[in-house]
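Participant: Sequence and predicted model, in that order:
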Amino acid sequence: MRVPIRVAAGAWALAWVVGGVVLNGAVLAAMGADLESLTITEIAVSSAMMWAAFAVALVVVSRRHGSGDLLVDYRVAVRPVDLFAIPAGVAAQLALIPALYWPLQQIWPDTFSNDELAQRAEDLVGRASGGQVVLLVLVVAVGAPLFEELVYRGLIQRSLSAGLGPWAGLLVAAAWFSLIHLAPVEYVGLFAAGLVFGLGLLLTDRLGPAVLAHMAFNVTGLVLAFRAG
Amino acid sequence: MATLTYDYGHALVWLDPLHHDRDPHHYDMCDRHASRVSPPRGWELRDRRVWEPPAATALIAV
């Protein structure tokens, strides 16, 4: 499937506004959620709204510009060799991220302290207890890697790569993925993580390595946050 | 840095994180000496210095 960049960007933007703003706002308001401190259940519902909107966008784009078969159009496939992405995702979290932030921490120790960098992960972990831990793991380790990789690698990176070339597509998609998380202190780390996930797709032309690396990255981050908590 | 205090009557010695208040019955010492403190026979040493693991970077892409 070859999707023009304007179509991919438009589909993403529409889904982001509908899922992330309209649906999220309506559902969280109906739940009486405090936006400053969402519970794990509310975060899961909020994520599900976003993913549902992305899923609709992916289906529509696939039907209009591809075969209509999501597995084929977004290169959803995995082979045993793709398991190499798991240690790559773990290494990105444990080695690449600290190495990238080390020089920043020397220049701006307060802005890029490890406490600041781990805050979001530790906030999530701190809010989870009992059955909510299972819900948190499902959101962080399964849902987010699957849907985000379908969108940012399967749709956006492949569309950008078709228009700009594979390496430019990789870079722009990683930047896009990083910026949309709306956490400036995490931009550098998520850009690097996006490059690792995107490389999985670039090297294999399958989404499997990207999803596996993303899962491994997030699970490692969760384990670190649980340890710290 | 650590602060050593003791209770003669109960034969107890405590090692705590460095106390910030000054007291002639508090004995401040460096970590190296604190790690070598050996109480008299029959005394109990309670090391109450809490080791906190250094924070790690932990990013979650959600």
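Facilitator: In hand now; what should we look at? Numbers count the residues shown, from 1 in each chain, chains lettered A, B, ... in the order given.
Participant: Any part of the lengthiest helix in chain A near chain B?
Facilitator: The longest helix of chain A (DSSP state H) is helix A:40-65. Yes - applying C-beta under 8 Å from any C-beta of the partner chain, one finds helix A:40-65 in contact with chain B at A:Ser47. Bear in mind the C-beta positions are built from the backbone N, C-alpha and C, glycine included.
Participant: Kindly report the same for stretch A:165-175.
Facilitator: No - Stretch A:165-175 is not in contact with chain B by C-beta under 8 Å from any C-beta; minimum separation 11.0 Å.
Participant: just the helices in chain A please.
Facilitator: A:5-15, A:24-30, A:40-65, A:70-73, A:85-91, A:97-107, A:114-127, A:131-137, A:144-148, A:158-164, A:166-179, A:187-204, A:208-228.
Participant: worst average pLDDT in these?
Facilitator: Note on these: helix A:114-127 shows the lowest mean pLDDT, a mean of 84.
Participant: list the buried ones in it?
Facilitator: A:Asn114, A:Glu116, A:Leu117, A:Ala118, A:Gln119, A:Arg120, A:Ala121, A:Glu122, A:Leu124, A:Val125, A:Arg127 (16 or more other C-beta atoms under 10 Å in any protein chain shown).
Participant: helices and strands around that helix, which ones?
Facilitator: helix A:40-65, helix A:97-107, helix A:208-228 (3 or more C-beta pairs under 8 Å, 6 or more residues apart in numbering or on different chains; DSSP states H and E).
Participant: Off-centre distance for it?
Facilitator: 17 Å (C-alpha atoms, centre = their mean, to the nearest Å).
Participant: who in chain A is up against chain B?
Facilitator: A:47, A:93, A:97-98, A:101, A:113-115, A:117-118, A:120-122, A:124, A:139-140, A:144-145, A:148, A:177, A:181, A:186, A:189-190, A:193-194, A:214, A:217-218, A:221-222, A:224-225, A:227-228.
Participant: Buried by neighbour count, from the residues you listed: which ones?
Facilitator: A:47, A:93, A:97, A:101, A:113-114, A:117-118, A:120-122, A:124, A:139-140, A:144-145, A:148, A:177, A:181, A:186, A:189-190, A:193-194, A:214, A:217-218, A:221-222, A:224-225, A:228.
Participant: just the strands in chain B please.
Facilitator: For chain B, strands defined by DSSP state E occupy the ranges B:2-7, B:12-17, B:27-29, B:44-47.
Participant: Tell me which of those approaches chain A most closely.
Facilitator: Chain A lies closest to strand B:12-17 among these, at 19.0 Å (C-beta to the nearest C-beta).
Participant: Quick one: mean pLDDT for the closest one?
Facilitator: 92.
Participant: Just give me how far that strand sits from the chain centre.
Facilitator: Distance, centroid of strand B:12-17 to centroid of chain: 5 Å (C-alpha atoms, centre = their mean).
Participant: Give the buried residues for it.
Facilitator: Applying 16+ other C-beta under 10 Å to strand B:12-17 flags B:Val13, B:Trp14, B:Leu15, B:Asp16 as buried.
Participant: follow-up on the earlier one: nearest approach to B:His26 belongs to which of the helices of chain A?
Facilitator: helix A:114-127 (29.9 Å; C-beta to C-beta).
Participant: how much does the closest one deviate in direction from helix A:40-65?
Facilitator: Per axes from the mean of the first three to the mean of the last three C-alpha atoms, to 10 degrees, the angle that helix A:114-127 makes with helix A:40-65 is 100 degrees.
Participant: now the angle from helix A:114-127 to helix A:187-204?
Facilitator: Going by the same axes, to 10 degrees, helix A:114-127 makes 80 degrees with helix A:187-204.
Participant: pLDDT weak spots in chain B?
Facilitator: In the predicted model, chain B carries pLDDT under 70 at residues B:51-56.
Participant: repeat that for 90
Facilitator: B:1, B:10, B:17-25, B:31-32, B:35-36, B:46-62 (pLDDT under 90).
Participant: residues contacting the nearest residue to A:Ala77 once chain neighbours are set aside?
Facilitator: Leaving aside its chain neighbours, A:Ala77 sits nearest to A:Arg206 (4.5 Å; criterion: C-beta to C-beta, 6 or more residues apart in numbering or on different chains). A:Arg206 is in contact with A:Arg75, A:Val76, A:Ala77, A:Val78, A:Arg79, A:Asp82, A:Gly200, counting by C-beta atoms under 8 Å, 6 or more residues apart in numbering or on different chains.
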